[in-house]
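In: Could you look at this predicted model? Sequence included:
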Amino acid sequence: MTPRPYQIAGRNFLAARRHALLADQMRVGKTPQSILAADVIKAERVLVLCPAIATVQWQSEWAAWSPQRPPAVIVGREPPRTEGVVISSYKRAVEQHLDALTALPPWDVVIVDEAHFAKNPIAARTKAIYGKGGIGWNAHRLWALSGTPAPNHAGELWPMLKAFGTVKCSYTEFVQHYCYYDWAKGRVFGNKRQHLPELRKLLEQVVMRRTRAEVAPDMPPIGYSFLNVEPTKGVDLPSANMDTVGAGDRIAVAMAKVPTLAAEIIQCLAAQDYEQTVVFGFHLAPLDELREYLAAIGISVGVITGATPNDERQRVMAAFRMGLLQVVLAQILAAGTAIDLSAALHCYFLELSWSPADNSQAASRLVNLQTRAPVTADIVSWHGTVDDAVQRTLMRKTVGAVFGAG
C-alpha cells in the first residue's frame, strides 16, 4: 500500500504529537494515516477503540498497511491481551474490560476512532476514555479520529480537549464561552460565531483537517438535489418544529413516499439511468416496506440496519461491490461508519436524519477517491409540504460549523 502525499503529512502530524485529532473529511483515509504514524514511532502496544461495526475493517486495514506486524486482535468476551495491536469496540472496552485496558504499563498509543462517539462529558463511555484514570489517561499517546468531531456544537469538543490538556476550564465555562445555551430547555443549541476564530486558533495546536476538495481537487463534490415524489396518502408532518414532531409522524411521512420512490427506482433501473443505487432512511419500517416493493418484482436488494450482524454487513458490501445487488437499503446511523457503498454513484434519502452530520457521513459512503467519479444524492420530498420545508432546512445547515462544510 502506497500512501499519498497528504497521508504522509497526516502520518507525520500524528507521529509528532502526544495528543492529536485527525479531523479529515470522511473517505479521505484517516485509518491508514494513524497506522502509519504508529509504525513511524515504533509503537509496540497499540489499542484501537471504535464502534463495533468497524472492528473487522480496522483489523483488515492493519494487515494491509502494516503487514510486518503480527495480526491485530479483536477483543471478544475473554480478557483482552495487552500486547501488539488490540482492537476493541467501545461497548466491550467500557462495559467488560475497562480494568484490563487501563492497567499498567501504559499503551504506547490509544487511537479513538469516530471520536464523536465520546462527546458527552457525563457519559460513562466518555469518562472511561478521557477521564482521569481512564484508557486515554494510561497511554503515552492519545490520537482521536473523526470527520465530524463536533456534529452539533463546539461544546462536544471539550472532553477530548480537556484530556489533551489543551483547555483547563470546566465544561460549563467552555460551553458558556463558545456556545449558546437554552436555560429553559437545558441544552446547547448553537455556536457563538464571534468566538469561532478564537476556537480554531486553539485547535491548531492539536488538530489537522483536510477536505476531499483539498486532497482531490479534481473530484466534484457530492451533488444534492430534491426529487419531487408525491406521497400517495397525503400525509405530512404536523409541524416544522423538530422538537415537537414524534417518530410516528416521521415514519408515516416516509411510508407515504415509498410506493412512488419504488416506482422511480424500478423505472431508473429499467432505463439504465444507473445500474446500482442506495436508499438511506432513518427509520426501519419504511425501508422494510420499500424492500418488499422492490423484491416483489425481482430487484436484488441488500439491507444494512443497526441490527445487521457484522458478517452480514460484510456480505452485503461484497455483493454490492461485485454487482450482485442492485439496491442497498441502509439506515443512516448504521451506514455512517465503516461501510463502503462506492460501487454506486447515486443514492436517495427517503428521510433525513435531523442531525445534518449524519446525512453527510452516510452520503460519503459512496465516495471513492480512486475513481473520483461524481456522486449524486436525491432527497425524496414533495414540494410545498411541511416535511419538504424541514428537509430543505436540514440540507442548508452547515455540517460541523467549527470545521466547515462536510
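Out: Done, it's in.
In: Which pLDDT does the model give the residue nearest to Q361 when sequence neighbours are not counted?
Out: Nearest-residue entry for Q361: G336, 3.7 Å, with adjacent residues in sequence omitted and distances by Cβ to Cβ, 6 or more residues apart in numbering. For the C-beta atoms, the positions are set from N, CA and C on the backbone; glycine is no exception. Note for G336: predicted pLDDT of 80.
In: A335 against I304, yeah?
Out: Yes. Counting by Cβ atoms under 8 Å, I304 is a contact partner of A335 at 5.4 Å.
In: Compare the two (neighbour count), which wins?
Out: Using other Cβ atoms under 10 Å, the more surrounded residue of A335 and I304 is A335, with 27 against 24.
In: Starting from V386, give me the distance back to the more buried one.
Out: 26 Å (Cβ to Cβ, to the nearest Å).
In: quick check: domain ranges of this protein?
Out: Domains of the chain are assigned by automatic domain parsing as 5-215, 223-396.
In: Endpoints of the shortest one, how far apart?
Out: Looking at domain 223-396, the gap from its leading to its trailing residue is 13 Å under the measure Cα to Cα, to the nearest Å.
In: Return the distance of that domain from the chain's centre.
Out: Per Cα atoms, centre = their mean, to the nearest Å, the displacement of domain 223-396 from the mean C-alpha position of its chain is 16 Å.
In: Give the buried residues for the helix ranked longest in the chain.
Out: Identified as the longest helix of the chain according to DSSP state H is helix 247-270. Using 16 or more other Cβ atoms under 10 Å as the test for burial, helix 247-270 gives 249-262, 264-265, 268-269.
In: can you check stretch 204-221 too?
Out: Buried residues in stretch 204-221 (16+ other Cβ under 10 Å): V206, V207, M208, R209, R210, T211, R212, V215, A216, M219.
In: what do you get for stretch 137-154?
Out: Neighbour-count burial for stretch 137-154 flags 137-139, 141-154 (criterion: 16+ other Cβ under 10 Å).
In: Got the phi and psi for L227?
Out: For L227, the backbone dihedrals are phi -100, psi 120 (criterion: degrees, to the nearest 10).
In: Identify the bridge partners of it.
Out: Counting by DSSP bridges, L227 forms beta bridges with V380.
In: Quick check, it in contact with I379.
Out: Yes. Counting by Cβ under 8 Å, L227 does reach I379; the two are 6.6 Å apart.
In: More neighbours: which of these two?
Out: Comparing L227 with I379 by neighbour count (other Cβ under 10 Å), the higher total belongs to I379, at 22 against 16.
In: do you know how far the more buried one is from P71?
Out: Using Cβ to Cβ, one obtains 42 Å as the distance from I379 to P71.
In: For stretch 216-230, the averaged confidence score.
Out: 86.
In: quick one: terminal-to-terminal distance for that stretch?
Out: 37 Å.
In: Renumber starting at 501 from here on
Out: Sure, I'll start numbering at 501, so the last one becomes stretch 716-730.
In: Please convert the buried residues of stretch 704-721 to JSON lines, extending it with distance to S560 and secondary structure.
Out: Compiled in JSON lines, the buried residues of stretch 704-721 are given as follows (distance: Cβ to Cβ, whole Å; DSSP: H, G, I helix; E, B strand; the rest coil):
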{"residue": "V706", "distance to S560": "28", "secondary structure": "coil"}
{"residue": "V707", "distance to S560": "27", "secondary structure": "strand"}
{"residue": "M708", "distance to S560": "24", "secondary structure": "strand"}
{"residue": "R709", "distance to S560": "25", "secondary structure": "coil"}
{"residue": "R710", "distance to S560": "24", "secondary structure": "coil"}
{"residue": "T711", "distance to S560": "26", "secondary structure": "coil"}
{"residue": "R712", "distance to S560": "23", "secondary structure": "helix"}
{"residue": "V715", "distance to S560": "22", "secondary structure": "helix"}
{"residue": "A716", "distance to S560": "23", "secondary structure": "coil"}
{"residue": "M719", "distance to S560": "24", "secondary structure": "coil"}
